[in-house]
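Colleague: got a structure for you, letters missing:
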Ligand code: SF4
């Protein structure tokens, strides 16, 4: 059975920067959980960041690939450089996925770690820009397809493709 990596905050875990969850009400995630498919993971906590923690954004709104290549940093709203923790978290997510033979993930949109289609633009003003988070970029560089929580139809189609 194909397993699915999922952002822990979508599964009700209170791991976000503000100490809250972003629990998804999607019925397919509930079904996949009952089937034992889901592997919840929070890269930022796995990378050593505390709960709560200052919000963080990728410098200049660059994508996660720029962070992986060393071309951009991840900065917290207090000005501290949390790039190392984000990279460690991304590596942890990849290791968790590979340990379960995972080929797809459903992650929290907009996050500097988990964003699939959009991230914040680095200005801490609430503006999003197209791009991927650091974990998403590393997973995709390693052949794992990442879908945002608003793309579960596509994720379900891809899962069916993998299982037929
Ligand atoms: Fe959720 Fe990902 Fe942020 Fe962790 S890093 S709180 S899993 S969006």
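Modeller: Yes, it's here. Keep in mind that this is a model prediction, so the values were computed, not measured.
Colleague: residues contacting the residue most central in space within the chain?
Modeller: Of all residues in the chain, the one closest to the mean position by Cα atoms, centre = their mean is residue 114, 2.0 Å from it. When contacts are counted by Cβ atoms under 8 Å, 6 or more residues apart in numbering, residue 114 touches 7, 43, 107, 108, 133, 135, 136. From N, CA and C alone the C-beta is placed, and that goes for glycine too.
Colleague: of those residues, list those near the ligand.
Modeller: The subset of the contacts of residue 114 lying close to the ligand, counting by Cβ under 6 Å from any ligand atom, consists of 7, 43, 108.
Colleague: what is the mean pLDDT for stretch 101-115?
Modeller: For stretch 101-115, the per-residue pLDDT values average out at 98.
Colleague: let me fix that: stretch 146-157
Modeller: Per-residue confidence for stretch 146-157 averages out to 97 on the pLDDT scale.
Colleague: that one: end-to-end distance?
Modeller: Using Cα to Cα, to the nearest Å, the end-to-end distance of stretch 146-157 comes to 13 Å.
Colleague: which SS class is the residue nearest to the centre of the chain?
Modeller: Counting by DSSP: H, G, I helix; E, B strand; the rest coil, the backbone at residue 114 sits in coil.
Colleague: from the ligand, how far out is it?
Modeller: Here the distance between residue 114 and the ligand works out to 4 Å (Cβ to the nearest ligand atom, to the nearest Å).
Colleague: picking up where we left off before, export the contacts of residue 114 to CSV and tack on neighbour count and secondary structure?
Modeller: As requested, the contacts of residue 114 are exported to CSV (neighbours: other Cβ atoms under 10 Å; DSSP: H, G, I helix; E, B strand; the rest coil):
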residue, neighbour count, secondary structure
7, 30, strand
43, 32, helix
107, 28, strand
108, 22, coil
133, 33, coil
135, 35, helix
136, 32, helix
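Colleague: with distance to residue 148 as extra columns, can I get those residues in CSV?
Modeller: Shown next, in CSV, are these (distance: Cβ to Cβ, whole Å):
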residue, distance to residue 148
7, 10
43, 15
107, 7
108, 8
133, 10
135, 13
136, 9
